[in-house]
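Asks: Provided below are the primary sequence and the corresponding predicted coordinates.
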Amino acid sequence: MRRITISVDDDLATTFDQLVKEKGYENRSEAFRDLVRGALGDARIRQGKAKHCVGAMTYVYNHHQRQLASRLTAMQHDHHDLTVSTLHAHLDHENCIETVILRGPTDSVVQFAQSVMAQSGVRHGTFYPIPIELEDDSSRKPRHVHARPAT
């Protein structure tokens, strides 16, 4: 591990220290590492350098809107290779929230997430992709692949 030194103005340092405390970090270094990892991961996604990713897509929708719930379910089935898991909860008599865990080739995952969130009636959609690197563990029986964060 290498040590780096940075200089920031007093106001920024005070605000950063507040963030460190609010988020429950043990120290500034842990908070800084998380910020850097996040920025590097976002850049890899934006620049098309992340071949694979995992991600969490969360959205709210009105399940009474005509055929919307059926369309969303059909979309997930059509992309079963990308959809790992879905959590569905009822907010009230009309609105539901879903969080979908996605994994696969970054381009495919991002396109799928965008297509879901673009459906008429889907509101408050967010998607957070995290670049991963795949490690083939072919020595194991049955064969499987490990995925680990890229940064």
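Replies: Nice, I can see it. This structure is a prediction, so every number in the text was calculated from the model and none was measured.
Asks: the helices in this protein, which residues?
Replies: 10-23, 28-46, 68-78, 106-117 (DSSP state H).
Asks: And the contacts of the third one?
Replies: To tie it back to what came earlier, the one meant is helix 68-78. With contact meaning Cβ atoms under 8 Å, 6 or more residues apart in numbering, helix 68-78 is reached by 61-63, 83, 86, 96, 98, 100, 112, 115-116, 119-122. All C-beta atoms are positioned from the backbone trio N, CA, C, and that covers glycine.
Asks: Ok, which of the helices of the chain comes nearest residue 150?
Replies: The minimum distance between residue 150 and these falls on helix 28-46, with 6.6 Å, by Cβ to Cβ.
Asks: tell me what the closest one is packed against?
Replies: The contact analysis (3 or more Cβ pairs under 8 Å, 6 or more residues apart in numbering; DSSP states H and E) places helix 28-46 against helix 10-23, strand 122-137.
Asks: for the helices of the chain, which one ends up most surrounded?
Replies: Mean neighbour count (mean count of other Cβ atoms under 10 Å) peaks for helix 106-117 among those, with a mean of 18.
Asks: what's the domain layout of this protein?
Replies: Following automatic domain parsing, the chain resolves into domains at 10-46, 52-149.
Asks: pLDDT on the shortest one, on average?
Replies: For domain 10-46, the per-residue pLDDT values average out at 93.
Asks: start to end distance for it?
Replies: Start-to-end span of domain 10-46 (Cα to Cα, to the nearest Å) is 32 Å.
Asks: Repeat that for the longest one.
Replies: Distances were taken as Cα to Cα; on that basis the terminal residues of domain 52-149 are 10 Å apart.
Asks: got the contact list for residue 45?
Replies: 53, 106, 110, 129, 131.
Asks: Next, give me the two most distant ones among these.
Replies: 110 and 131 (11.3 Å).
Asks: Common neighbours of those two, please.
Replies: 45, 53.
Asks: List the beta-bridge partners for the closest residue to residue 91 other than its chain neighbours.
Replies: Distance criterion Cβ to Cβ, 6 or more residues apart in numbering; nearest residue to residue 91, sequence neighbours excluded, is residue 97 at 5.7 Å. According to DSSP bridges, the residues that bridge with residue 97 are residue 60, residue 89.
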